[in-house]
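Student: Give the three-dimensional model of this entry:
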Amino acid sequence: MYLQETKEKLVILLYHGVSEYENRGICNLQGKHISYELFSSQMKFIKKNCNPVSINDWIEIKNDHSSIPPNPVIISFDDGFENNYTTACPILDKFNIPAVFYISSGMIGTNKMFWVDVLENLIEECKKPSIVVKLDKPKKFYLNNNLLKFQALKEIKSWCKLAKNDEKERLINELRSVTNVNPNQDSNPNYSLLNWKQVSAINDNSLFTIGGHSLNHNILSSLDEEDMKFEIEESLRLIYKNLGKKTIHYSYPEGQQAHFNNEVISFLKENGIVCCPTAIEGYNTYDEDLFNLRRVMVGFEKISFPYL
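Tutor: Okay, the predicted model is just below:
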């Protein structure tokens, strides 16, 4: 994509992690964590060729009907991995680039793992040549090599993203049993999560903004109304409790069209949220609704840095 094509469009880059560790097996084969060197080169390019703006800058531009700087870019991170603080923040600081970090606050400072990482860990560490689990119906997955394991992971993950939360939990528990694996955050450095001291340090940096991303990364549209409201309210309560101020920022877990709805948006607004980008791929015009902003998930599933 050439810079001229997005001169008057907002590009929001979505990252999850920046890692200094080499991949092994099927861990990070989908590219959720990009390398230190690659992220650094991308930020160098943005600083030289674009106008990095904060999420608050963009809201102010819209509210004040201000002119748009050419090639505006927002850097965003989802989930709350420790390498956001240890690896990404120093690079952003070096280039003086603002960023917003959307955290699943119920995970912060714990030894929990995101359910997608649990799936990855279960299949990666499984020593059996095959397993049978029930999706819509029982299905056999062969796990003789990394390619087969990766194919199994993608299919099971895709099924979970469309399932109701209780069905997803049922399948994960079934996988724990049939693989005979105990998922462990310590099994891969990329699984490590931020603690509240680190989140507070990010929040204290004027370049950075903290937003919510649910409590435990459950897909909000998959929950019944009571659970959905708890997931949002409790996630925001923990941010306020630990940082001493409320946030007006949020992003939808998973973030595709099927993963949020009008009820979710209405409840976020009731709780003071002003902006909540999706993970739907694309760029944004000036008049794009702040609850439907598109992003480019750099690195994930080999999605390219959009300026190359």
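
Student: Give me the buried positions along stretch 290-298.
Tutor: By 16 or more other C-beta atoms under 10 Å, the buried positions in stretch 290-298 come out as L290, F291, L293, R294, R295, V296, M297, V298. For every residue, glycine as well, the C-beta is placed using N, CA and C.

Student: Mind checking which of those residues are in strands?
Tutor: The members of the buried residues of stretch 290-298 that map onto strands under DSSP state E are V296, M297.

Student: correct me, but D78 touches L13?
Tutor: No. D78 is beyond contact range of L13, at 11.3 Å (criterion: C-beta atoms under 8 Å).

Student: between these two, which one's more packed in?
Tutor: A direct count of neighbours by other C-beta atoms under 10 Å for D78 and L13 places D78 higher, at 28 against 22.

Student: can you list the buried residues of stretch 290-298 in CSV and add distance to F45?
Tutor: Converted to CSV, the buried residues of stretch 290-298 look like this (distance: C-beta to C-beta, whole Å):
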residue, distance to F45
L290, 27
F291, 29
L293, 22
R294, 20
R295, 18
V296, 14
M297, 18
V298, 12
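
Student: what's the distance between stretch 218-231 and the middle of its chain?
Tutor: Here the centre of stretch 218-231 is set off from its chain's centre by 18 Å, with C-alpha atoms, centre = their mean, to the nearest Å.

Student: what comes up buried for it?
Tutor: By neighbour count on 16+ other C-beta under 10 Å, the buried set for stretch 218-231 is N218, I219, L220, S221, S222, L223, M228, K229, E231.

Student: Provide a list of residues in contact with the fifth one.
Tutor: Contact partners of S222, counting by C-beta atoms under 8 Å, 6 or more residues apart in numbering, are A163, K164, N165, K168, H259.

Student: Mind checking which of those residues are buried?
Tutor: A163, N165, K168, H259.

Student: from those, which is closest to G25?
Tutor: Of all the buried ones among the contacts of S222, K168 has the smallest distance to G25: 23.1 Å, by C-beta to C-beta.

Student: C-alpha coordinates for stretch 89-105, CSV please?
Tutor: Presented in CSV, the C-alpha positions along stretch 89-105 are these (Å, rounded to 0.1, in the frame of the first residue of the first chain):
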residue,chain,number,x,y,z
CYS,A,89,7.4,0.3,25.1
PRO,A,90,11.1,1.1,25.0
ILE,A,91,10.9,1.1,21.2
LEU,A,92,7.9,3.4,21.2
ASP,A,93,9.6,5.6,23.7
LYS,A,94,12.7,5.8,21.5
PHE,A,95,10.7,7.0,18.5
ASN,A,96,8.3,9.1,20.6
ILE,A,97,5.3,7.3,19.2
PRO,A,98,2.0,7.1,21.2
ALA,A,99,0.1,3.9,21.7
VAL,A,100,-3.0,2.5,23.4
PHE,A,101,-2.9,-0.8,25.3
TYR,A,102,-6.2,-2.6,25.7
ILE,A,103,-5.9,-5.1,28.6
SER,A,104,-8.0,-8.0,29.8
SER,A,105,-7.8,-6.8,33.4
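
Student: Show me what the longest helix along the chain is packed up against.
Tutor: The residue-count maximum for a helix in the chain (DSSP state H) belongs to helix 225-243. Judged by 3 or more C-beta pairs under 8 Å, 6 or more residues apart in numbering; DSSP states H and E, the packing partners of helix 225-243 are helix 196-204, strand 208-212, helix 262-270.

Student: SS state for D93?
Tutor: Classification of D93 using DSSP: H, G, I helix; E, B strand; the rest coil returns helix.
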